[in-house]
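sequence unknown, structure follows:
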């Protein structure tokens, strides 16, 4: 790590300690509103990892890509459709990678379920659900300069959709044979949000409704149900449900699978002898789930790091249960080996565009809004990316 940059120098200096604790050399510190520009102009930088407030993501990423750097951007990568196109254009123009840092695609349940889906255990998946339901009341004041509440106060719509939509798009093969076509969105009124902004920002109104609901339809006739709520007391949830013609997966509030017995009988009977206990109207018994999840772990989870399977190793390292580590590991692994990234600039653009597109739908009486084709027609491909079958 050659450079650390933050608007505030003392924050970058604190990060220096992580490098020293790991026995790594000190990095050069950059700070100020445009410190990132000096960092990006260095010749010994290959990858710029962007964890700024959302409002700065595109400016930093575009500047880095225009200087030949790969970029990885925290979520959402952009705030408007125009900004999404800027990312796509810069990545294509400079022939560099732009990865969305959507860690939820690497959580263990999502990885295993993705592999099950790719192996056909759920039949054809016709519907998926995702969400970001997380009461942020204890955390608002921790954001520097109050930037996150300020953004929520000024923007209605699902401004933080990627945790929910990312894993759904992966399992539906979006941009790998299907594409998001259009959406409709609806918002409740703002009660808790307005109370919060009055208390912390001295503003009379929070434009974002306390609850946002979005329905999306794909070109191939599948649907996605999305929710966003950071204002009311509820158990944390990303929902993550898959409805298939032969099975079902559910992560929140209770993890479970439902399998149609005759659909998977031949493939797994020898490995899962309790398959006869399956019921089409209930979750599979836990002993069957344990056997199935071990059998269908994603190849990425089985990859060895220092002789330890990546799933186990990541849990030792930590970071949202290990999914942060797997995400970073895969980013570096793909770049080092010249492989396509698991999530590319077209995913970054489409998932991030939800914020503005849902706002447009809400402001126009929940009318359908077309979703741009950021691939410019290249979404209907038979290519299977490394993410589905790690080499």
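Sure, I can see it. The model shown is predicted, which means the values in this text are computed figures rather than measured ones.

give me the residue at the spatial middle of this structure.
Geometric centre of the chain, nearest residue: residue 102, 2.9 Å, by Cα atoms, centre = their mean.

got the phi and psi for the closest residue to that one other than its chain neighbours?
Leaving aside its chain neighbours, residue 102 sits nearest to residue 166 (4.1 Å; criterion: Cβ to Cβ, 6 or more residues apart in numbering). C-beta here means a position set from N, CA and C on the backbone, and glycine is covered the same way. The phi and psi torsions at residue 166 (degrees, to the nearest 10) take the values phi -60, psi -60.

pLDDT wise, what is the spatially closest residue to residue 368 that is not a sequence neighbour at?
Leaving aside its chain neighbours, residue 368 sits nearest to residue 182 (4.7 Å; criterion: Cβ to Cβ, 6+ apart). Per-residue pLDDT puts residue 182 at 98.

show me the contacts for the residue nearest to the centre of the chain.
75, 162-163, 166, 327, 343, 347, 351 (Cβ atoms under 8 Å, 6 or more residues apart in numbering).

circling back: and the residue nearest to residue 102, how far is that from residue 106?
Computed as Cβ to Cβ, to the nearest Å, the residue 166 to residue 106 distance reads 10 Å.

for residue 139, same thing?
Taking Cβ to Cβ, one finds residue 139 at 23 Å from residue 106.

higher neighbour count, those two?
residue 106 (30 against 12; other Cβ atoms under 10 Å).

surely the more buried one and residue 323 touch.
Yes - under the criterion of Cβ atoms under 8 Å, residue 106 makes contact with residue 323 at 4.3 Å.

that older thread, and the contacts of residue 102, which of them are in helices?
162-163, 166, 327, 347, 351 (DSSP state H).

returning to that earlier point: which of the contacts of residue 102 tops the neighbour count?
residue 162 (29 neighbours).

which stretches in the stretch 251-391 of the chain count as helices?
Counting by DSSP state H, counting those that start in this stretch, one finds helices in the stretch 251-391 of the chain at the ranges 261-268, 286-295, 299-302, 310-317, 323-336, 345-352, 354-363.

so for residue 151, which of the ones you listed sits nearest?
helix 354-363 (9.4 Å; Cβ to Cβ).

same for the closest one, what does it pack against?
Under the contact criterion of 3 or more Cβ pairs under 8 Å, 6 or more residues apart in numbering; DSSP states H and E, helix 354-363 touches strand 180-187, strand 212-218, strand 369-370.

please convert those to CSV, extending it with distance to residue 306 and mean neighbour count.
Listed next are the helices and strands packed on helix 354-363 as CSV, based on distance: least, Cβ to Cβ, whole Å; neighbours: other Cβ atoms under 10 Å:
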stretch, distance to residue 306, mean neighbour count
strand 180-187, 39, 21
strand 212-218, 40, 22
strand 369-370, 48, 15
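
turn the ones you listed into CSV, including distance to residue 307.
Putting the helices and strands packed on helix 354-363 into CSV (distance: least, Cβ to Cβ, whole Å) gives the following:
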stretch, distance to residue 307
strand 180-187, 41
strand 212-218, 41
strand 369-370, 50
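
so which of those strands gets nearest residue 9?
strand 212-218 (37.1 Å).

if we can go back for a sec, tell me the one of the contacts of residue 102 nearest residue 7?
residue 75 (19.5 Å).

tell me how far the closest one lies from residue 165.
Residue 75 is 10 Å from residue 165, by Cβ to Cβ.

joint contacts of those two?
Common neighbours of residue 75 and residue 165, using Cβ under 8 Å, 6+ apart, are residue 351.

one step back: return the most buried member of the helices of the stretch 251-391 of the chain.
helix 345-352 (a mean of 28; mean count of other Cβ atoms under 10 Å).

which parts of stretch 200-209 are buried?
203, 206-209 (16 or more other Cβ atoms under 10 Å).

if we can go back for a sec, right, and the residue nearest to residue 368 touches residue 367 too?
No - using Cβ under 8 Å, residue 182 is not in contact with residue 367, being 9.8 Å away.

for beta bridges, what are the partners of residue 72?
For residue 72, the beta-bridge partners under DSSP bridges are residue 49, residue 99.

does it touch residue 57 like I think?
No - counting by Cβ under 8 Å, residue 72 stays clear of residue 57, with 10.8 Å between them.

got any residues that touch both of the two?
Common neighbours of residue 72 and residue 57 (Cβ under 8 Å, 6+ apart) are residue 50.

helix or strand with the lowest mean pLDDT in this protein?
helix 261-268 (a mean of 60; mean pLDDT, DSSP states H and E).

contacting residues for residue 225?
Contacts of residue 225 (Cβ under 8 Å, 6+ apart): 127-130, 213-216, 239.

ignore the last one, residue 15
4, 6.

which one of the contacts of residue 225 is nearest to residue 150?
Nearest member of the contacts of residue 225 to residue 150, counting by Cβ to Cβ, is residue 214, at 22.7 Å.

rewinding a little: for residue 313, which of the helices and strands packed on helix 354-363 is the nearest?
With Cβ to Cβ as the measure, strand 180-187 is the member of these nearest residue 313 (34.0 Å).

how much space between residue 80 and residue 229?
From residue 80 over to residue 229 (counting by Cβ to Cβ), the distance is 22 Å.

so residue 194 is in which element?
helix 192-201 (DSSP states H and E).

I'd like to know which elements that helix is packed against.
Taking 3+ Cβ pairs under 8 Å, 6+ apart as the contact cut, helix 192-201 packs with helix 147-154.

the helix it packs on versus helix 192-201: what angle between them?
130 degrees (axes from the mean of the first three to the mean of the last three Cα atoms, to 10 degrees).

low pLDDT regions in the chain?
262-277, 381-391 (pLDDT under 70).

could you redo the last one with a cut-off of 80?
Within the chain, the ranges that satisfy pLDDT under 80 run 261-279, 381-391.

picking up where we left off before, using TSV, lay out the buried residues of stretch 200-209 together with distance to residue 23.
Shown next, in TSV, are the buried residues of stretch 200-209 (distance: Cβ to Cβ, whole Å):
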residue	distance to residue 23
203	47
206	46
207	48
208	45
209	49
